[in-house]
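Peer 1: Sharing a model that was predicted from the sequence below.
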Amino acid sequence: MSGLSFGPLDQRAFHVCIDMQRIFLEPGPWFGAAGLAILPNIARLSDHAPKRSLFTRFITAKTAAEAPGTWQRYYTHWSEVTQEKAGGDILDLHGELAPRAMSENVFDKPTHDSFHDPAFAQRLDQEAPSALIFSGVETDVCVLATALTAVDLGHRVVIATDAVASSSEASHQACLDLVYPRFDQQIELATTDEILSQWVPS
């Protein structure tokens with residue numbers, strides 16, 4: 001089922017944009033062209049509630065040797081994306097979204113799950129949002145990891161289906177068709193138009 005199954009969104013709903021960074025949106029080992037296509041819809045969601053839009057950034061390890069546990073193997077394999085080799089600027093938000101982001105609404109995380117950042121988790125605890133609307137990349141990795149933690153914490157979760165993307169189209173579609181619908185009492189799938197038409201303006 002798609003659409004907002006559990007009614008309209010009120011003024012306490014938050015938009016969470018996951019990892020729309022240069023590292024995923026510019027040519028390189030993690031480039032996903034599909035991410036560029038969702039920029040306009042993410043901008044629309046952000047502009048609807050600027051003060052209730054949060055942005056996360058996936059911060060890669062400085063070196064593989066400094067990463068904990070199996071992340072060392074991960075960054076040995078993906079050594080090109082370490083800060084030592086790629087530099088820090090590649091972790092910046094895409095230029096189209098950067099003007100919408102300020103220090104107080106950008107959160108950095110070293111893992112897939114945004115809730116791993118204590119500041120992000122604390123912000124949501126303080127705000128007590130009525131719903132979390134997720135956009136960004138990747139549908140099947142960081143968006144998924146964050147959405148599932150949100151579900152476990154009891155948040156109403158809405159995935160903006162035309163504002164999420166992945167470098168793997170098959171995995172992206174499998175999440176929308178098979179994985180997220182498994183949580184049909186906790187995760188709603190809706191287009192940007194459907195969300196905005198039922199989200200009380202700021």
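Peer 2: Now that the structure is in, tell me what you want to look at. Numbers count the residues shown, from 1 in each chain.

Peer 1: which residues of this protein fall in strands?
Peer 2: Along the chain, counting by DSSP state E, strands occupy 14-18, 53-58, 106-109, 132-137, 157-165, 187-190.

Peer 1: Below-threshold pLDDT in this protein: ranges please.
Peer 2: In the predicted model, the chain carries pLDDT under 70 at residues 1, 202.

Peer 1: circling back: out of the strands of the chain, which is closest to D89?
Peer 2: Ranking the strands of the chain by distance to D89, with Cβ to Cβ as the measure, places strand 53-58 first at 11.9 Å. Heads up, the C-betas are built off the backbone N, CA and C, glycines and all.

Peer 1: So what touches the closest one?
Peer 2: Counting contacts by Cβ atoms under 8 Å, 6 or more residues apart in numbering, the residues outside strand 53-58 that touch it are 14-21, 23, 45-46, 91-93, 97, 100-101, 105-110, 112, 114, 117, 120, 123, 136, 142, 146.

Peer 1: how about it: buried residues?
Peer 2: Along strand 53-58, the positions that meet the burial threshold by neighbour count (16 or more other Cβ atoms under 10 Å) are 53-58.

Peer 1: what does stretch 167-187 give?
Peer 2: 167-168, 171-172, 175-176, 179-180, 186-187.

Peer 1: Report the two of those separated the most.
Peer 2: Of all pairs drawn from the buried residues of stretch 167-187, the greatest distance, 26.3 Å, lies between S167 and Q186 (Cβ to Cβ).

Peer 1: List the contacts of the nearest residue to G7 once chain neighbours are set aside.
Peer 2: Among residues not flanking G7 along the chain, Q198 sits closest, at 7.8 Å (Cβ to Cβ, 6 or more residues apart in numbering). When the contact criterion is Cβ under 8 Å, 6+ apart, the partners of Q198 are 4, 7-9.

Peer 1: mind putting the strands of the chain in CSV, distance to E84 included?
Peer 2: Formatted as CSV, the entries for those read as follows, by distance: least, Cβ to Cβ, whole Å:
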stretch, distance to E84
strand 14-18, 25
strand 53-58, 16
strand 106-109, 17
strand 132-137, 23
strand 157-165, 28
strand 187-190, 37
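
Peer 1: what about the residue in the chain sticking out farthest from the centre, distance to F107?
Peer 2: Relative to the average C-alpha location in the chain, and by Cα atoms, centre = their mean, no residue lies farther out than A65, which sits at 27.0 Å. Summarising the geometry, the distance separating A65 from F107, computed by Cβ to Cβ, to the nearest Å, is 26 Å.
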